[in-house]
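A.B. asks: Quick one: sequence plus predicted model below, questions after.
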Protein chains: 2
Amino acid sequence: MSDICDVFCINKEAVEVVRAKMLEHNLVADTAEIFKVLGDPTRMRLLYALSQRELCVCDLSAVLGMTQSAISHQLRVLRSARLVRYRKTGKIVYYTLADAHVTQFIDVGVDHARESQPR
Amino acid sequence: MSDICDVFCINKEAVEVVRAKMLEHNLVADTAEIFKVLGDPTRMRLLYALSQRELCVCDLSAVLGMTQSAISHQLRVLRSARLVRYRKTGKIVYYTLADAHVTQFIDVGVDHARESQPR
DNA sequence: TGATTATATGAATAGATATTCATATATGAG
DNA sequence: CTCATATATGAATATCTATTCATATAATCA
């Protein structure tokens, strides 16, 4: 069997063809990173709330029923993944979704979840 | 400020409107779960390889350059998320993507990663 | 039947991560 | 300037997770 194989694989030709067309590791990492950021219930709820309207940090805390600190930490994650934008008005910081892509992600994900059999 | 707020939020009306339209917790959890499964480089590479053609476990190990055990464990995660299907022929187990949705996920994710500024 | 091969899986471990708590920064009010 | 408020952030912790190692299962072959 394979141990970092090349020798004992079943279909050597297929392996080489597929391997040749694999994505660069950086691109794979970036893609996985985006999904990882989307893959947390708190962040998903933040994004869904923001898909309805612009909201400040305090209101996001209220909507989710979580502490301001927890929300701020997660907003930081969303910011560095460039999934949200923000604007500052005095002390208040308003967050919005970064672009239409983000809404698309949410929609595709929610649709898929809805279609899956209830567990 | 808010501490599981309701009292000190900035825009009480907005909070209630958004809150009323929030997704059920189960649906949020399911959606986040899908993204979480997609959010790992190894699983992303497995799915990308399978988007090219059906492959057995051993060949997947060869393509990714990882042990059979690691691959099998990750395939299990993909299976329980219903992102892949498999068929058995003798000792060999062939895996494929579960449906077109999965390809769509990959495409949207990779596109988004490509568009983001290189870090 | 016994040996070999392909895959699956349980336990252990190292590394990642979400939340909390305490505190820092920054803006506006008085 | 001082106080209150909105947000950000560092450290600590509890939980989760990806891989490894050892082993189990199951199918084929001699």
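C.D. replies: Cool, the structure landed.
A.B. asks: then the least confident helix or strand in chain A by mean pLDDT to PDB, C-alphas only?
C.D. replies: In chain A, no helix or strand scores lower on mean pLDDT, DSSP states H and E than helix A:100-115, which sits at a mean of 93. What follows is helix A:100-115, C-alpha atoms only, in PDB (Å, rounded to 0.1, in the frame of the first residue of the first chain):
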ATOM      1  CA  ALA A 100     -21.800  40.700  -3.200                       C
ATOM      2  CA  HIS A 101     -19.600  37.700  -3.100                       C
ATOM      3  CA  VAL A 102     -20.200  37.300   0.600                       C
ATOM      4  CA  THR A 103     -23.900  37.300   0.200                       C
ATOM      5  CA  GLN A 104     -23.400  34.600  -2.500                       C
ATOM      6  CA  PHE A 105     -21.400  32.500  -0.100                       C
ATOM      7  CA  ILE A 106     -24.100  32.800   2.500                       C
ATOM      8  CA  ASP A 107     -26.900  32.000   0.100                       C
ATOM      9  CA  VAL A 108     -25.200  28.900  -1.400                       C
ATOM     10  CA  GLY A 109     -24.300  27.600   2.000                       C
ATOM     11  CA  VAL A 110     -27.800  28.100   3.500                       C
ATOM     12  CA  ASP A 111     -29.400  26.600   0.500                       C
ATOM     13  CA  HIS A 112     -27.200  23.600   0.700                       C
ATOM     14  CA  ALA A 113     -27.900  23.200   4.400                       C
ATOM     15  CA  ARG A 114     -31.700  23.500   3.800                       C
ATOM     16  CA  GLU A 115     -31.600  20.800   1.100                       C
END
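A.B. asks: Now look at it and say if it contacts chain B.
C.D. replies: Yes - residues of helix A:100-115 contacting chain B under CB under 8 Å from any CB of the partner chain: A:His101, A:Gln104, A:Phe105, A:Ile106, A:Val108, A:Gly109, A:Val110, A:His112, A:Ala113, A:Arg114, A:Glu115. Glycine gets a C-beta too; all of them are placed from N, C-alpha and C.
A.B. asks: and the last one, how many neighbours does it have?
C.D. replies: So that's A:Glu115. Residues within reach of A:Glu115, counting by other CB atoms under 10 Å in any protein chain shown, total 10.
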